[in-house]
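In: here is the input, now give the coordinates:
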Amino acid sequence: MRLWHLIVVVGAALSVVSGIQSKPAISATLLSADDVAQVVDVRNVTVKEGMVSGELVNKSSRPLRDVQLLIRYTWLWNNEFRPGKDDPGMAVYYTVEQEISPGRTVSFTYKPSFPLPSRPDGHFETTVSVAGFTEIVR
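Out: Numbers count the residues shown, from 1 in each chain. Okay, here's the model as predicted:
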């Protein structure tokens, strides 16, 4: 009887502790590029000396935040048939942390921590795409 009483007390205590420590569920959904474009859009992208600026447009009915951008600096060789060995291309993730209300637009600017190399054997092509975001459901 004592063992049964101990099991019941420990079980109740664990239930209370686990109830206190529980957090709301956070789900992640994988979307296609077309589906992402229906929620958030990247517009008016400009690139100057590696610095990337543009706008994010919230096309959904819910607020968005933590929009993660994939910024790709693709190196294009002048002679693609004989590319060099040192490809300076790179990609970075940049997070725009501010909240974007439905139907609103926010500006962003990303500046690399070091200057992109300027070389005579090619040039950079820079693209920006949405890699992720948080949609706030209240």
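
In: all helices of the protein, in order?
Out: Assigned by DSSP state H, the helices in the chain fall at 2-21, 33-37.

In: tell me, what residue is most central in the protein?
Out: In the chain, the centroid-proximal residue (Cα atoms, centre = their mean) is Gln68; its distance is 1.8 Å.

In: that one against Ala131, yeah?
Out: Yes: with contact defined as Cβ atoms under 8 Å, Gln68 reaches Ala131; the gap is 4.5 Å. C-beta coordinates here come from the backbone N, C-alpha and C atoms, glycine included.

In: shared neighbours of these two, which are they?
Out: Each of Tyr93 lies in contact with both Gln68 and Ala131 under the rule Cβ atoms under 8 Å, 6 or more residues apart in numbering.

In: so how far is Met51 from Pro115?
Out: Per Cβ to Cβ, to the nearest Å, Pro115 is found 10 Å from Met51.

In: so between those two, which is more surrounded?
Out: Between Pro115 and Met51, counted using other Cβ atoms under 10 Å, Met51 has the larger neighbour count: 14 against 10.

In: leaving out chain neighbours, which residue sits closest to that one?
Out: Among residues not flanking Met51 along the chain, Lys111 sits closest, at 4.6 Å (Cβ to Cβ, 6 or more residues apart in numbering).

In: so what's the one you found up against?
Out: Applying Cβ under 8 Å, 6+ apart to Lys111 gives the contacts Gly50, Met51, Val52.

In: got the phi/psi numbers for it?
Out: The phi/psi pair for Lys111 (degrees, to the nearest 10) reads phi -120, psi 120.

In: and what of the one 3 residues further on?
Out: Note on Phe114: its backbone torsions stand at phi -140, psi 150 [degrees, to the nearest 10].
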